[in-house]
Structures are given as C-alpha cells and as structure tokens.
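Asks: structure of the sequence below:
(2 chains)
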Number of protein chains: 2
Amino acid sequence: MKTLNVELGERAYPIYIGSGLLQRADLLTRHVSSAQVAVVTNDTVAPLYLDRVLAPFADRVVETVILPDGESYKTLDSAGRIFDALLGKRFSRNAVLIALGGGVIGDLGGFAAACYQRGIPFVQVPTTLLSQVDSSVGGKTGVNHPLGKNMIGAFYQPRCVLADTDTLATLPDRELSAGLAEVIKYGLIRDPEFFAWLESNMDALLARDADALAYAIERSCRNKAEVVAADEKETGERATLNLGHTFGHAIETGCGYGVYLHGEAVAIGMCQAADLSRRLGWLAAADVARIEALLRRAKLPTKPPENLATERYLELMAVDKKNVDGQVRLILLEQIGRATLPRGIGMTQLRATLDEYGKA
Amino acid sequence: MKTLNVELGERAYPIYIGSGLLQRADLLTRHVSSAQVAVVTNDTVAPLYLDRVLAPFADRVVETVILPDGESYKTLDSAGRIFDALLGKRFSRNAVLIALGGGVIGDLGGFAAACYQRGIPFVQVPTTLLSQVDSSVGGKTGVNHPLGKNMIGAFYQPRCVLADTDTLATLPDRELSAGLAEVIKYGLIRDPEFFAWLESNMDALLARDADALAYAIERSCRNKAEVVAADEKETGERATLNLGHTFGHAIETGCGYGVYLHGEAVAIGMCQAADLSRRLGWLAAADVARIEALLRRAKLPTKPPENLATERYLELMAVDKKNVDGQVRLILLEQIGRATLPRGIGMTQLRATLDEYGKA
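Replies: Residues are numbered from 1 along each chain as shown, chains lettered A, B, ... in the order given. The predicted structure is shown next:
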C-alpha cells in the first residue's frame, strides 16, 4: 500500500492506494470513530462492495443511502435525499459519512457531508479510475444544475481517501478509458516524463495490469496533490487542472448529461485545447498529433460531436465557473508537460478551433 | 459609525454599526467591486430598503431575488431559486451576493453564496435587531429541514456586515423584543455588567432610543465576535452562544415554525435553562427571578407553550445539532454572566424543568 499525504495544514489528509484496502478494517476504522456511520453509494456499486465497507461497523448505527447510478442523479434533490435519511435517523454532527462509488457519489456525498449540520467528517472510497485519480483529490464537492455542471457545491476536504485498485476489476472498459483521460492530463499539464511513461505503458494499463495501474494512480494523485496543496482555492496553478474541462463541460451540457462520460468529454476538450494552442503558436503540430494518438490508444474520442455548433459552444462556455466577469479563460499548452492560463484569448482563433477542429 | 473587526485570519471582516449607513455608497462599493451583483431580500424589506442598496450599482449587472417573507421560506428550495436566478443571468464565481433582510435572508443568502459555484463573496445587510446582533456575526449560514432547524448549511464568512440602525425604525414591536432576547443572552453568558446595563436601559431600548440601541448592538456584536474569533467552528466557548437554543429549537419545531419568533422561543428556553441551572444547584432562585423579570420587561414570553409535553421535548431535543452521539448537551448558567456546558445532565432534573417550569 502506498500513502500520499495531501498537505493542507489542519485539513491535511492521507490517500491510501493499493490492492485489498477495502478488506483492511483498520484503515476505515482509523478515520471513522463515530457511533453513527452513513454510507452513500449507488445501485451499481452497492452489490459489489457495500458489504466490505460495512463489515467493520457492525457495532455502529449505520444508515445506507443507495442512489440510482448516473450523473443525472448528481442533483440538489439527491443531496436532499441524503439529508432526509440522516435526519430520519437523527444523525448528529459527529456522524461520519462514507462516499462509496465514482465521481458522482464522491462529489454528491462530499457536498452532503459539507452541508449536513454545517459539516460532518467524510471518507471517500472511490471505485472508478476517474474518481481515484481526480475527484477524490482536492476537496471539490458539488452537484449539477440544469444550467451547468458542478454549479452548486463546496470546497470540503475528506478525512481520508481509500483507493482500492481491486475495484477497477469490475469497471467497464469505457469508464477505464474515461479515467485514463484525466491520467493523461497530468502528463500534459506538468509531467512530461509521465506522459512519455504513458506512451510506453498504455497497453499494460488497458490490460489492467495491477502494477501499471497503481503506478499511474499514485503519480496522478501526487501531481494533483502537489497542485492542490500549493493552491487550495483555485486561483492560480490549480486552474491548470481544468485543461480540456471548459470545452468538455460545454460538450457534456450541450449534448445532455450522459451522452459522453466526463473523461470522454475532457479528452475531446484536451484535443481542442491542443488545437487552439497550436493556432496561437505555442504547440507544434507534431505534439498535437502525439496527444491525439495517445488519447486514441486509450480508446478515447478525439473528435467533437458534430451537432454542437460554435455559437452554442460559446454560449455554454460563458457560464463556466472558470470565467472572470464574462471573459472566457482557457487552460492551454505551451508544450507537452507545461500548461498556461493566458489572460485573453483571441476570439478568432477560438472560433477557428470550434469551427474546424475535428471536422476535417 | 462604529466599526468592529471580527478577527478570523484571512477570513476577518468588519461590522459597521450606525445610522444612515445604507445611504453611504462608499461602504457598499468598498466590498462589492464585481461587475455582477446579486441581491437577495424578501417582500417586506424590498419596498423599504432595496432602492438604497441598489443605488450605488447602477452601472453593474444586477439580479434581485425577492422571496416571500418568513421562516417557512428558509428552505433548500429557496436556495434553489437563488441558484436558478444567478445561473439564469450567467453570474460567474466573481459575482457578489448581498443579503438584505433579517436572519432568514442572511442565513439563506449566506448559504446560497457559500454553495454557488463553491462560494462567492457575500455582504450581509441585516435589517432586524436579531440579525444585527446575532445571525450576521459568526459565519453560520443555512436552511431548515422539516425535521429540524438549520440542519443544512455551511460555515461561511461575509466580506462585511452593514448594520444600519435606521432600519429598526420600521421593525414591528414583537420583532424588536425578539432581538432583545439575544441581546440579553450576551449579558447572561459572559457579560454581567452588560446585563445590569440592560436592566437600567430596557425602557430606552423599547422606546427605540438610537444611542441605546447602537450601544446594545455594538456590545452584543463585540461579545459574539470575541467568542467566534476564539472558536470559529463551535467546539468550545462558542457553544455557550446557544444558551436557551436547544429548548428554543424544540419549541419552534414542536409548535410549528412561525408560531413563535426565534427570539421568543429562545427567551423561553433561557428561562428553562435558568430553571434547570437552579435545580442543579448553580443558580440562585433570586437570579432566576431577575432573568425572568428582565425578559418580561423586554415584552418577551417566559412561559413554555402548554401543548408541548415533556416526551415530545426530549424527542425534539435529540435531533439538535448540539448533541454528541445522542447525548443531550445543554448550555446552563453558573451565575448571571457565566455560562457552562456540563458533560452530562441528570435526566431527573431535566424532566423536572420540562414538567414543572412555567406550569405553576
């Protein structure tokens, strides 16, 4: 087992990464000492892993909230269901909430924990590659709104994150690839050596080689933890974690939640960001091709949806959280392994990318 | 104008107290520099003060959310209405939210600001005595749930609080008294000199003497600010601010929101806490009488509602946030001006207070 510490002063917490962690009662009980334990999960994950998570808590008062699986349930209403359940059991502010599932459950469960009685401790048990490398690290919690993703939320840190690589065995291929999109992102924004490692090891990752996965998860989490520790509230470097996300969110919202997985939309968005970086004179055409090639090898889409017009993109991108007073701000690439956040982006080049990229 | 600084490190903020503050554009604009400004208020306050608050922002994009007046609108649904409005106008995370109104608006608006895009700055303009001395100080935001008050919320600090004593001119008598309950509370829990001052100046306060009110507001805020600065997350001394509140919340919930004003329920709760303190041997009977007398002079109720049985109280008190793993914890008084938080309270004496106090 590997342990990474996310350094955030009094809100610092460990990330445990490895095989068989859900069977280790000591890890969960170390961070869950309360008499009342809430578990939030979904109906896909519950039959697979809920028993393992509950095993150490036979002597506690336990409330389990099993939501339907899917991004469409990451809503204020679902948060309300969790509040109803916890209040129905009279859970105090000392109860601990365990979020068992992918990014939706982690974001939703974390938000519910952040708001329940103004904040109760929570433990994150991410069961997808995406949530293990991304949404479980950094304290971003929240729910979606019909007018935009993650528009309602809180910055709230877990007490610990428990990333058991065994849970990836049951992950559908498409979700594995979606997770790899975020893994590749860390190479792109700040770790060129890791990008090269991914080029050499993509086949092993797709074959779910345990060692390769553990290495990729740890290196991704370490990269993210370094960024988050340096910039908890997303004013500077942390913004680079959003490479591809402004385009990606527009794609997800424009096509309707559920058409693309988050990682798939981000993969396309990273291609668009790379294309725009090339148009602005930063990235060589060969590097754009290298990025697209790696994403394709990870079985990710690289072409934007055909039914999303440029004007609709611009409309959707205007409500993105990364904007400052209406100005579109995008993370771009100076080279593979170095991201940048330019102050103003030429609308001509942005439109050119939206009009032309992937259409050829 | 008096200025109090609530010392919370990087989240420190000023409280401005005085007459005519809403006419001072410089005060509002000093803390609201964004291009987008949201104002959350209610249909009682809007006709009286909304124009003054909006005046300095003629050149900004402004969105006003006017909710119906009343505690029954302090809900997750109302927060949803605010999110809808802000997203409808595509407000970015740099927008500033101004909460103009009493405690309900302050708590709700603050919670919406805390959650909108994971937190936007907000400015509190409390227009009732209660919110000026209590809910505007300390960073508690939130909404009610059918199973309990303030069960969903966040600790979130405003950028500033602007307490204009002129707004008290339009306050109904009953609400003025409700505010005085919290003012008296500060005397009871930590400021015996202030309690004596209140005994000497209650008539002036009821006559809305401007100087007396300003003094009482400032001294109350100073007391609360000192407590909050010492203990932001309510683990120790801050709990003493809840004197009378566990009883009071039970009364509010048990009788249905809206029957008693918050301050009225707290006034009764403080009497119950005083009675229980006497039964436990801490408070002299003469001090209980002195407390009841001052509350009566403030035109506050001191007798519990007749239709709330002891068992119902105990049931309602069990879901209160101040509990630790199911144990009832109550703030009691060692003397006038000194509160205490005993570890365990004898159920016999608690039942005796609930059975007997006020029934004679």
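
Asks: need the contact list for the closest residue to A:I345 other than its chain neighbours.
Replies: Distances taken as C-beta to C-beta, 6 or more residues apart in numbering or on different chains place A:L330 nearest to A:I345, at 5.7 Å, with adjacent residues excluded. Yep, even glycine has a C-beta here, placed from its N, CA and C like the rest. Applying C-beta atoms under 8 Å, 6 or more residues apart in numbering or on different chains, we find A:L330 in contact with A:T246, A:F247, A:A273, A:L276, A:K322, A:L341, A:P342, A:I345, A:L350.

Asks: what about A:L198, which helix or strand?
Replies: Element membership of A:L198, judged by DSSP states H and E, is helix A:192-206.

Asks: buried residues in that helix, which are they?
Replies: Using 16 or more other C-beta atoms under 10 Å in any protein chain shown as the test for burial, helix A:192-206 gives A:F194, A:F195, A:W197, A:L198, A:N201, A:M202, A:L205, A:L206.

Asks: after that helix, next one along is what?
Replies: In the C-terminal direction, the helix or strand that comes right after helix A:192-206 (DSSP H and E) is helix A:210-230.

Asks: next SSE after that following helix?
Replies: Tracing the chain past helix A:210-230, the next element assigned as helix or strand by DSSP H and E is helix A:245-255.

Asks: got a list of contacts for that next one?
Replies: The contact list for helix A:245-255 (C-beta under 8 Å, 6+ apart) reads A:148-149, A:259-260, A:262, A:265-270, A:272-273, A:304-305, A:307-308, A:312-313, A:316-317, A:320, A:322, A:328-331.

Asks: out of those residues, which sit inside helices?
Replies: A:262, A:265-270, A:272-273, A:312-313, A:316-317 (DSSP state H).

Asks: need those in a markdown table with distance to chain B and neighbour count, can you?
Replies: As requested, those are exported to a markdown table (distance: C-beta to the nearest C-beta, whole Å; neighbours: other C-beta atoms under 10 Å in any protein chain shown):
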| residue | distance to chain B | neighbour count |
| --- | --- | --- |
| A:H262 | 17 | 27 |
| A:A265 | 19 | 29 |
| A:V266 | 19 | 30 |
| A:A267 | 24 | 32 |
| A:I268 | 23 | 26 |
| A:G269 | 19 | 26 |
| A:M270 | 23 | 28 |
| A:Q272 | 21 | 25 |
| A:A273 | 20 | 29 |
| A:R312 | 14 | 14 |
| A:Y313 | 15 | 22 |
| A:L316 | 10 | 20 |
| A:M317 | 10 | 21 |
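
Asks: redo the residues you listed as JSON lines? Include pLDDT.
Replies: Shown next, in JSON lines, are the ones in helices among the contacts of helix A:245-255 (pLDDT from 0 to 100):
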{"residue": "A:H262", "pLDDT": "87"}
{"residue": "A:A265", "pLDDT": "96"}
{"residue": "A:V266", "pLDDT": "96"}
{"residue": "A:A267", "pLDDT": "97"}
{"residue": "A:I268", "pLDDT": "98"}
{"residue": "A:G269", "pLDDT": "97"}
{"residue": "A:M270", "pLDDT": "98"}
{"residue": "A:Q272", "pLDDT": "97"}
{"residue": "A:A273", "pLDDT": "97"}
{"residue": "A:R312", "pLDDT": "92"}
{"residue": "A:Y313", "pLDDT": "91"}
{"residue": "A:L316", "pLDDT": "88"}
{"residue": "A:M317", "pLDDT": "85"}
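
Asks: can you list the residues you listed in TSV and add distance to B:D134?
Replies: Below are those laid out as TSV (distance: C-beta to C-beta, whole Å):
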residue	distance to B:D134
A:H262	42
A:A265	46
A:V266	45
A:A267	51
A:I268	51
A:G269	47
A:M270	49
A:Q272	50
A:A273	49
A:R312	47
A:Y313	47
A:L316	42
A:M317	42
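
Asks: let me know the closest of these to B:S177.
Replies: When the ones in helices among the contacts of helix A:245-255 are compared for distance to B:S177 (C-beta to C-beta), A:L316 comes out closest, at 51.4 Å.

Asks: for B:I152, see how far away that closest one is.
Replies: Here the distance between A:L316 and B:I152 works out to 29 Å (C-beta to C-beta, to the nearest Å).

Asks: and for A:D107?
Replies: When distances are taken as C-beta to C-beta, A:D107 and B:I152 turn out to be 17 Å apart.

Asks: please apply the same query to A:G148.
Replies: Using C-beta to C-beta, which is the criterion applied here, A:G148 is 21 Å from B:I152.

Asks: tell me which of these two has more neighbours.
Replies: It is B:I152, of A:G148 and B:I152, that has more neighbours when counted by other C-beta atoms under 10 Å in any protein chain shown, with 25 against 20.

Asks: for the host helix or strand of that one, name the packing helices and strands.
Replies: With secondary structure defined by DSSP H and E, B:I152 is part of strand B:148-155. Contacts defined by 3 or more C-beta pairs under 8 Å, 6 or more residues apart in numbering or on different chains; DSSP states H and E place strand B:148-155 against helix A:76-88, helix A:103-115, helix B:103-115, strand B:140-145, helix B:245-255.

Asks: show me the shaky parts of the stretch 201-350 of chain A.
Replies: Counting by pLDDT under 70, the ranges of the stretch 201-350 of chain A that qualify are A:231-235, A:319-327.

Asks: of the helices and strands packed on strand B:148-155, which approaches A:T3 most closely?
Replies: Nearest to A:T3, of all the helices and strands packed on strand B:148-155, is helix A:103-115, at 19.1 Å by C-beta to C-beta.

Asks: the next helix or strand after that closest one vs chain B: in contact?
Replies: Scanning the chain past helix A:103-115 towards its C-terminal end, the next helix or strand to appear is strand A:122-126 (assignment: DSSP H and E). No. Contact of strand A:122-126 with chain B (C-beta under 8 Å from any C-beta of the partner chain) is absent, the minimum separation being 14.2 Å.
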